[in-house]
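Asker: Sequence first, predicted model second:
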Amino acid sequence: MLTNAPLDMDFVRAQFPGLDNGWVFFDNAGGSQILKGAVERINAFLYERNVQIGGSYEVSQKAAEALHAAREAGRLLVNAERAEEIVFGHSTTVLTQNLANAMRSQLAPGDEIVVTVADHESNIGPWERLREFGIVVKVWPLDLDSLKLRLADLEPLMSERTRLVCVHHVSNVLGEVNPVREIADFVHARGARICVDAVAYAPHRAVDVRAFDADYYIFSLYKTYGPHVAMMYGRYDHLLELDSLYHYFYGKDRVPGKLEAGNPCYELAYSITGIVEYLQELGRRSGAGKDASPRQCVEAAFAAITAQENTLVDRLLGWAKGRDDVHVVGAAQNDGGATRIPTISFTVDGWTPGDLSLAIDPEHIAIRHGDFHSRRLVEYLGLAEAGGVLRVSMVHYNTLEEVDRLTAALDRAIDGGGKAASRPAGGA
């Protein structure tokens, strides 16, 4: 039984040793702090099982068990049907590139793929590169009045040749949750498949690929409390159809190994078991009953995470609303606490994002400016020439006190009027 208890913030922050260095981290969409439990899993693998899988000897068998445990943890995290539906890779960008390459034999000249103008480049560029093979790539525009993707704008792009629609669950600039299940139903009804970039969603909400009816669902663990590694869910029958990216003797039925050329990084993959263990404990501390299943504990954790993050969103948006010179890029409200994740972008009159970001650095508060590799979106919004936006990206380990520390620093900088030299933007 779920009792909706609030997060135990002392427990939460104790699991992230990087929070103890005096900095406030509001650049979590670029990369979150890593869990102590994830680091412990990495170390345990390297010290106890650091051999190649596939051997008959005991340590090799234990290494294989660790990799399977990683896939099983990934399965639990996204509610997939089977562990073999979890594919590991270096990053979301790499996994999407691999998916595009492995899909090549399924596509014929004249087949169509739809991408959105609002996606991170990782879910645009790999598909754009298929143009050289005669694939037609269409762009689903963002409605400039609402800053939403509308199915009415997707409808005329779909045809009997549409094979795939690629969309983000949440924009890493706009921060608003897209109705992925509604989009998936629309796409599937027209005979196509859907590939979802979930990088900006997975750290904040419970992922349920079966409820979303996703065909492919990809995100980075280094933005979800782990190390620099990523995972992709793919429906098992779809993965079977994909070309092998590995040696010639890795046949099409070798799932998921055929998509992990050279094998995944075992120790980094194994770290996901620490992430899922943390979420289960967080769920138990947040109201999951004693008879709750592991998945129910994960869902309880994210319910508490959502509640905590909504308080952060409301505090920062309240500050922005109180200043006439601050302009939120994206929804300036969080309707019912369900439409926004705590990634908030804005511009400030009289300041370039780079200048203001630089002015905040001495406060030991980490924020970021630029386009965050969503360059097409920033250009589409007409913000590129001004240097993009300033972005504050929070997660559940952040506190209201840290938000207040940030807004006080911003007030001092903006009202003081002093500007530092601009610097180049970067990061995702």
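Answerer: Sure, I can see it.

Asker: CA atoms for contacts and neighbours, from now on please.
Answerer: Will do.

Asker: Spatially, which residue comes closest to the residue positioned nearest the centre of the chain, not counting chain neighbours?
Answerer: For the chain, V199 is the residue whose C-alpha lies nearest the centre (Cα atoms, centre = their mean; 1.2 Å). Using Cα to Cα, 6 or more residues apart in numbering and skipping residues adjacent in sequence, the residue nearest V199 is F219, 4.3 Å away.

Asker: From V78, how far out is the one you found?
Answerer: 11 Å (Cα to Cα, to the nearest Å).

Asker: just G257 next, same as before
Answerer: 19 Å.

Asker: which intervals of this structure have sub-threshold pLDDT?
Answerer: The chain contains residues with pLDDT under 70 at 1-4, 417-427.

Asker: Specify the helix with the largest residue count in it.
Answerer: helix 294-321 (DSSP state H).

Asker: continuing past it, what's the next helix or strand?
Answerer: Using DSSP states H and E, the helix or strand that follows helix 294-321 in sequence is strand 326-329.

Asker: Pairing partners for that next one, with directions?
Answerer: strand 343-348 (antiparallel) (DSSP bridges).

Asker: List the buried residues in the partner strand.
Answerer: T343, I344, S345, F346, T347, V348 (16 or more other Cα atoms under 10 Å).

Asker: from the chain's centre, how far out does that strand sit?
Answerer: Offset of strand 343-348 from its chain centre (Cα atoms, centre = their mean, to the nearest Å): 19 Å.

Asker: Any chance you could list what contacts that strand?
Answerer: Contacts with strand 343-348, where a contact means Cα atoms under 8 Å, 6 or more residues apart in numbering, come from 29, 172-175, 313, 325-330, 353, 389-394.

Asker: ok, how many other residues are close to Y270?
Answerer: Y270 has 28 neighbouring residues, counting by other Cα atoms under 10 Å.

Asker: Contacts only, for the nearest residue to it once chain neighbours are set aside.
Answerer: Spatial nearest neighbour of Y270, chain neighbours left out: A70 (4.8 Å); criterion: Cα to Cα, 6+ apart. If you count contacts by Cα under 8 Å, 6+ apart, A70 has them with A269, Y270, S271, I272, T273.

Asker: What about the third one, how many residues nearby?
Answerer: Under the neighbour criterion other Cα under 10 Å, S271 is assigned a count of 31.

Asker: Now it. Nearest residue, chain neighbours left out?
Answerer: Among residues not flanking S271 along the chain, A38 sits closest, at 4.5 Å (Cα to Cα, 6+ apart).

Asker: Please work out how many residues are found near that neighbour.
Answerer: 27.

Asker: wait, what's in contact with it?
Answerer: A38 touches Y225, G226, P227, S271, I272, T273, G274, I275, counting by Cα under 8 Å, 6+ apart.

Asker: Nearest to G382, out of these: which one, please.
Answerer: Top of the list for closeness to G382, among these and by Cα to Cα, is Y225 at 32.9 Å.

Asker: Does the closest one touch I275 like I think?
Answerer: Yes - taking Cα atoms under 8 Å as the definition, Y225 is a contact partner of I275 at 6.8 Å.

Asker: where do the strands sit along the stretch 1-150 of the chain?
Answerer: 24-25, 86-89, 112-116, 136-140 (DSSP state E, counting those that start in this stretch).

Asker: ok so, going back, overlap of the contact sets of Y225 and I275?
Answerer: L35, A38.

Asker: hmm, back to that, nearest to G287, of the buried residues of strand 343-348?
Answerer: T343 (26.2 Å).

Asker: Quick check, A69 in contact with Y270.
Answerer: Yes - in this structure A69 lies within contact range of Y270 using Cα under 8 Å: 7.1 Å.

Asker: now the helices for the stretch 51-200 of the chain?
Answerer: Counting by DSSP state H, counting those that start in this stretch, the stretch 51-200 of the chain has helices at residues 58-78, 92-102, 125-128, 151-154, 180-189.

Asker: Quickly list the domain ranges of this structure.
Answerer: What automatic domain parsing lists as the domains of the chain is 12-33+297-411, 38-275.

Asker: Could you look up the SS state of the residue nearest to I305 when sequence neighbours are not counted?
Answerer: Nearest residue to I305, sequence neighbours excluded (Cα to Cα, 6+ apart): H396, at 5.5 Å. Three-state call for H396 (DSSP: H, G, I helix; E, B strand; the rest coil): coil.
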